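>>> Predicted structure and sequence below. I'll ask about it afterward.
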Amino acid sequence: MSKEHTYRIHTVWTGASQGSTASYDAYSREYTINIEGKPPFLGSADPTFRGDAALYNPEDLLVMSLSACHMLSYLALCARAGIRVISYSDEATGKMAQKDGKIRFTEVILHPHATIEAGNDLEKARSLHDNAHHVCYIANSVNFPVLHEATVIEFKASQVNN
């Protein structure tokens, strides 16, 4: 990929209608992100930082981005390698801690689980998770470890009857 890609968003603090930042405890953390041609995205701060637990927060979005990027990279690599993935899910966990005087992400662990069609190269399908990690644009852009503990299984027709 030699072409530069640009992503534009417009973020609006919608909490201003509920009052100003007169004090740390008093203002709303709600915001809307608008991207041309897409529905508005509603967000807030993490509840730890006085946000609305019912809305996605920037920390959620970072972990979601890493999980989705790994999945899309993996599926593309499998398609190119002739491996037929029939299901994929991930349980990702991000950890933040105080480090060097700053609160920051210290790691994200992905737990992708893929099922491939019987007769496909199971070992190749497993190894493509390493490749996916190396080509994931988002993982290549962060300064903390992004680990993956992948599981790949073959779908067998006998599993349908059980």
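Right, received. Where do you want to start? Numbering: from 1, shown residues only.

>>> Now do the strands in this structure.
In the chain, the strands defined using DSSP state E lie at 10-13, 31-34, 41-43, 85-90, 93-99, 102-110, 112-117, 146-148, 151-155.

>>> can I get those strands in JSON lines with distance to Val135, mean neighbour count and mean pLDDT?
Where you see a C-beta, it was placed from the backbone N, CA and C, and this is true even at glycine. As requested, the strands of the chain are exported to JSON lines (distance: least, CB to CB, whole Å; neighbours: other CB atoms under 10 Å; pLDDT from 0 to 100):
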{"stretch": "strand 10-13", "distance to Val135": "29", "mean neighbour count": "12", "mean pLDDT": "95"}
{"stretch": "strand 31-34", "distance to Val135": "26", "mean neighbour count": "15", "mean pLDDT": "95"}
{"stretch": "strand 41-43", "distance to Val135": "26", "mean neighbour count": "16", "mean pLDDT": "96"}
{"stretch": "strand 85-90", "distance to Val135": "16", "mean neighbour count": "15", "mean pLDDT": "98"}
{"stretch": "strand 93-99", "distance to Val135": "21", "mean neighbour count": "13", "mean pLDDT": "94"}
{"stretch": "strand 102-110", "distance to Val135": "14", "mean neighbour count": "16", "mean pLDDT": "96"}
{"stretch": "strand 112-117", "distance to Val135": "15", "mean neighbour count": "18", "mean pLDDT": "98"}
{"stretch": "strand 146-148", "distance to Val135": "12", "mean neighbour count": "18", "mean pLDDT": "97"}
{"stretch": "strand 151-155", "distance to Val135": "17", "mean neighbour count": "16", "mean pLDDT": "95"}
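
>>> where does this protein dip in pLDDT?
1-2, 157-162 (pLDDT under 70).

>>> Can you tell me which residue is spatially central in it?
Against the mean C-alpha coordinate of the chain, by CA atoms, centre = their mean, the closest residue is Met64 at 2.2 Å.

>>> How about the contacts made by that residue?
Tyr56, Ala92 (CB atoms under 8 Å, 6 or more residues apart in numbering).

>>> domain ranges for the protein?
As assigned by automatic domain parsing, the chain contains the domains 10-49, 58-159.

>>> I'd like to know which of these is closest to Lys3.
Checking those against Lys3 by CB to CB gives domain 58-159 as the closest, at 12.9 Å.

>>> what's the distance between the closest one and the middle of its chain?
The chain centre lies 9 Å from the centre of domain 58-159; the measure is CA atoms, centre = their mean, to the nearest Å.

>>> again with stretch 39-59
Stretch 39-59 sits 15 Å away from the centroid of its parent chain (CA atoms, centre = their mean).
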